[in-house]
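Trainee: Next one to model:
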Amino acid sequence: MTNPATSSSPLSTWALEREVVLARVINAPASAVYGAWTNADLLSQWFGPNGYDTTVHEMNVAVGAIMRFDMTYTDGTVYDNRFHYVEIVPNKKIVVEHGSDVDNDPGRFLVTLTFDEQSDGKTVMTLRQLHPTVEQRNTVVGFGAVELGMQTLQKLARTVEPK
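Mentor: Now for the predicted structure:
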(Lines give C-alpha, C1' and ligand atoms only; values in the text may rest on other atoms or scores of the structure.)
Protein backbone atom coordinates (compact mmCIF):
# COMPACT_ATOMS: atom_id res chain seq x y z
CA MET A 1 0.00 0.00 0.00
CA THR A 2 1.36 3.42 -0.88
CA ASN A 3 1.80 6.19 1.61
CA PRO A 4 -1.24 8.45 1.15
CA ALA A 5 0.81 11.51 2.03
CA THR A 6 3.07 11.03 -0.99
CA SER A 7 0.71 9.51 -3.55
CA SER A 8 -1.99 10.87 -5.83
CA SER A 9 -4.63 9.28 -3.57
CA PRO A 10 -7.49 11.54 -2.43
CA LEU A 11 -6.14 10.83 1.05
CA SER A 12 -2.99 12.80 0.21
CA THR A 13 -4.84 16.14 0.15
CA TRP A 14 -6.69 17.30 3.24
CA ALA A 15 -10.19 18.67 2.67
CA LEU A 16 -12.47 19.92 5.43
CA GLU A 17 -15.59 18.64 3.67
CA ARG A 18 -14.17 15.08 3.81
CA GLU A 19 -13.13 15.02 7.46
CA VAL A 20 -14.63 14.00 10.79
CA VAL A 21 -12.92 15.27 13.95
CA LEU A 22 -13.40 14.00 17.49
CA ALA A 23 -11.58 15.20 20.60
CA ARG A 24 -11.65 14.37 24.28
CA VAL A 25 -9.66 15.42 27.31
CA ILE A 26 -8.51 12.29 29.13
CA ASN A 27 -7.29 12.37 32.72
CA ALA A 28 -4.15 10.36 32.00
CA PRO A 29 -0.69 11.06 30.61
CA ALA A 30 -0.10 10.82 26.86
CA SER A 31 2.00 7.68 27.35
CA ALA A 32 -1.00 5.86 28.86
CA VAL A 33 -3.40 7.01 26.14
CA TYR A 34 -0.91 6.17 23.39
CA GLY A 35 -0.24 2.82 25.07
CA ALA A 36 -3.93 1.92 24.92
CA TRP A 37 -3.74 2.31 21.13
CA THR A 38 -0.55 0.25 20.77
CA ASN A 39 -1.14 -2.68 23.13
CA ALA A 40 -3.42 -5.37 21.68
CA ASP A 41 -4.68 -6.55 25.08
CA LEU A 42 -5.59 -3.03 26.16
CA LEU A 43 -7.12 -2.10 22.81
CA SER A 44 -9.36 -5.18 22.97
CA GLN A 45 -10.76 -3.92 26.27
CA TRP A 46 -12.06 -0.58 24.99
CA PHE A 47 -12.00 -0.16 21.22
CA GLY A 48 -15.35 0.29 19.51
CA PRO A 49 -18.66 1.89 20.44
CA ASN A 50 -21.04 0.57 23.08
CA GLY A 51 -22.30 -2.93 22.26
CA TYR A 52 -19.16 -3.98 20.36
CA ASP A 53 -16.40 -6.36 21.37
CA THR A 54 -13.03 -6.14 19.63
CA THR A 55 -10.74 -9.08 18.90
CA VAL A 56 -7.23 -8.27 17.70
CA HIS A 57 -5.81 -10.95 15.37
CA GLU A 58 -2.54 -9.28 14.44
CA MET A 59 -0.89 -6.09 15.65
CA ASN A 60 2.52 -4.80 14.65
CA VAL A 61 2.75 -1.10 15.46
CA ALA A 62 5.39 -0.07 12.92
CA VAL A 63 5.30 2.08 9.80
CA GLY A 64 4.25 -0.15 6.90
CA ALA A 65 2.86 -2.86 9.19
CA ILE A 66 -0.76 -3.71 9.93
CA MET A 67 -3.25 -4.46 12.63
CA ARG A 68 -6.10 -6.84 11.79
CA PHE A 69 -9.10 -6.96 14.10
CA ASP A 70 -12.79 -7.80 14.26
CA MET A 71 -15.50 -5.78 15.89
CA THR A 72 -18.47 -7.94 16.90
CA TYR A 73 -21.84 -6.40 17.71
CA THR A 74 -24.18 -7.83 20.34
CA ASP A 75 -26.34 -9.38 17.58
CA GLY A 76 -23.33 -11.45 16.43
CA THR A 77 -22.52 -9.39 13.33
CA VAL A 78 -18.76 -9.34 12.74
CA TYR A 79 -17.03 -6.40 11.05
CA ASP A 80 -13.48 -7.13 9.91
CA ASN A 81 -11.02 -4.23 10.02
CA ARG A 82 -7.46 -3.43 9.13
CA PHE A 83 -5.15 -0.59 10.12
CA HIS A 84 -2.15 0.06 7.89
CA TYR A 85 0.36 2.14 9.87
CA VAL A 86 1.55 5.21 7.95
CA GLU A 87 3.27 7.31 10.63
CA ILE A 88 4.16 6.75 14.27
CA VAL A 89 5.61 9.25 16.73
CA PRO A 90 5.59 7.51 20.13
CA ASN A 91 3.31 9.20 22.69
CA LYS A 92 2.51 11.96 20.17
CA LYS A 93 0.91 10.72 16.96
CA ILE A 94 -0.33 7.67 15.04
CA VAL A 95 -1.52 7.82 11.42
CA VAL A 96 -3.25 4.80 9.88
CA GLU A 97 -5.31 3.90 6.87
CA HIS A 98 -8.44 2.21 8.24
CA GLY A 99 -10.63 -0.07 6.17
CA SER A 100 -12.06 -3.53 6.03
CA ASP A 101 -9.62 -6.45 6.15
CA VAL A 102 -9.13 -6.67 2.38
CA ASP A 103 -6.31 -5.41 0.21
CA ASN A 104 -6.87 -2.00 -1.36
CA ASP A 105 -10.29 -1.46 0.22
CA PRO A 106 -11.76 1.47 -1.78
CA GLY A 107 -13.60 2.66 1.34
CA ARG A 108 -10.48 2.97 3.49
CA PHE A 109 -9.87 6.34 5.10
CA LEU A 110 -6.98 8.08 6.79
CA VAL A 111 -7.03 8.42 10.59
CA THR A 112 -4.70 10.76 12.45
CA LEU A 113 -4.53 10.32 16.22
CA THR A 114 -2.75 12.92 18.30
CA PHE A 115 -1.91 12.81 21.99
CA ASP A 116 -1.30 16.29 23.41
CA GLU A 117 -0.27 16.08 27.05
CA GLN A 118 -1.16 19.18 29.06
CA SER A 119 0.78 20.69 31.96
CA ASP A 120 -1.74 19.18 34.40
CA GLY A 121 -0.98 15.64 33.16
CA LYS A 122 -4.21 15.29 31.19
CA THR A 123 -4.12 14.47 27.48
CA VAL A 124 -6.12 15.98 24.66
CA MET A 125 -6.82 12.99 22.41
CA THR A 126 -7.82 14.06 18.89
CA LEU A 127 -9.01 11.65 16.20
CA ARG A 128 -9.26 12.99 12.66
CA GLN A 129 -10.76 10.90 9.85
CA LEU A 130 -10.16 11.90 6.24
CA HIS A 131 -12.49 10.10 3.85
CA PRO A 132 -11.76 9.69 0.12
CA THR A 133 -15.02 11.38 -0.90
CA VAL A 134 -17.51 13.87 0.52
CA GLU A 135 -20.22 11.25 -0.02
CA GLN A 136 -18.43 8.66 2.13
CA ARG A 137 -17.87 11.23 4.88
CA ASN A 138 -21.54 12.20 4.79
CA THR A 139 -22.58 8.54 4.91
CA VAL A 140 -20.51 7.77 8.01
CA VAL A 141 -21.70 10.94 9.75
CA GLY A 142 -25.27 10.00 8.79
CA PHE A 143 -25.07 6.58 10.42
CA GLY A 144 -23.71 8.05 13.63
CA ALA A 145 -19.92 8.01 13.36
CA VAL A 146 -19.55 11.05 15.61
CA GLU A 147 -21.68 9.63 18.45
CA LEU A 148 -20.17 6.15 18.05
CA GLY A 149 -16.68 7.61 18.01
CA MET A 150 -17.37 9.58 21.17
CA GLN A 151 -18.59 6.36 22.82
CA THR A 152 -15.29 4.75 21.83
CA LEU A 153 -13.27 7.63 23.30
CA GLN A 154 -15.33 7.43 26.49
CA LYS A 155 -14.46 3.72 26.80
CA LEU A 156 -10.80 4.60 26.19
CA ALA A 157 -10.92 7.20 28.98
CA ARG A 158 -12.49 4.71 31.40
CA THR A 159 -9.71 2.25 30.60
CA VAL A 160 -6.74 4.57 31.18
CA GLU A 161 -7.96 7.09 33.75
CA PRO A 162 -7.11 6.40 37.41
CA LYS A 163 -9.93 4.73 39.31
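
Trainee: Please count neighbours and contacts with C-alpha atoms only from this point.
Mentor: Fine.

Trainee: could you give me the average pLDDT of stretch 28-43?
Mentor: Mean pLDDT, taken over the full extent of stretch 28-43, equals 98.

Trainee: For it, buried residues please.
Mentor: Under the neighbour-count criterion of 16 or more other C-alpha atoms under 10 Å, stretch 28-43 has 28, 29, 30, 32, 33, 34, 35, 36, 37, 38, 40, 43 buried.

Trainee: got those as CSV, with secondary structure and distance to residue 144 columns?
Mentor: Supplementary listing: the buried residues of stretch 28-43 in CSV, determined by DSSP: H, G, I helix; E, B strand; the rest coil; distance: C-alpha to C-alpha, whole Å:
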residue, secondary structure, distance to residue 144
28, coil, 27
29, coil, 29
30, helix, 27
32, helix, 27
33, helix, 24
34, helix, 25
35, helix, 27
36, helix, 24
37, helix, 22
38, helix, 25
40, helix, 26
43, helix, 22
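
Trainee: hang on, residue 162 packs against residue 28?
Mentor: Yes - Residue 162 is within contact range of residue 28, at 7.3 Å (criterion: C-alpha atoms under 8 Å).

Trainee: quick one: low-confidence parts of this protein?
Mentor: For the chain, applying pLDDT under 70 flags the ranges 1-12, 14.

Trainee: what are the ranges of the helices in it?
Mentor: Residue ranges of the helices in the chain, as given by DSSP state H, are 30-38, 40-46, 134-142, 145-160.

Trainee: quick one, the third one and helix 145-160 angle?
Mentor: Relative orientation of helix 134-142 and helix 145-160, computed by axes from the mean of the first three to the mean of the last three C-alpha atoms, to 10 degrees: 60 degrees.

Trainee: residues in contact with helix 134-142?
Mentor: Among residues not part of helix 134-142, those counted as contacts by C-alpha atoms under 8 Å, 6 or more residues apart in numbering are 17, 18, 19, 20, 107, 130, 131.
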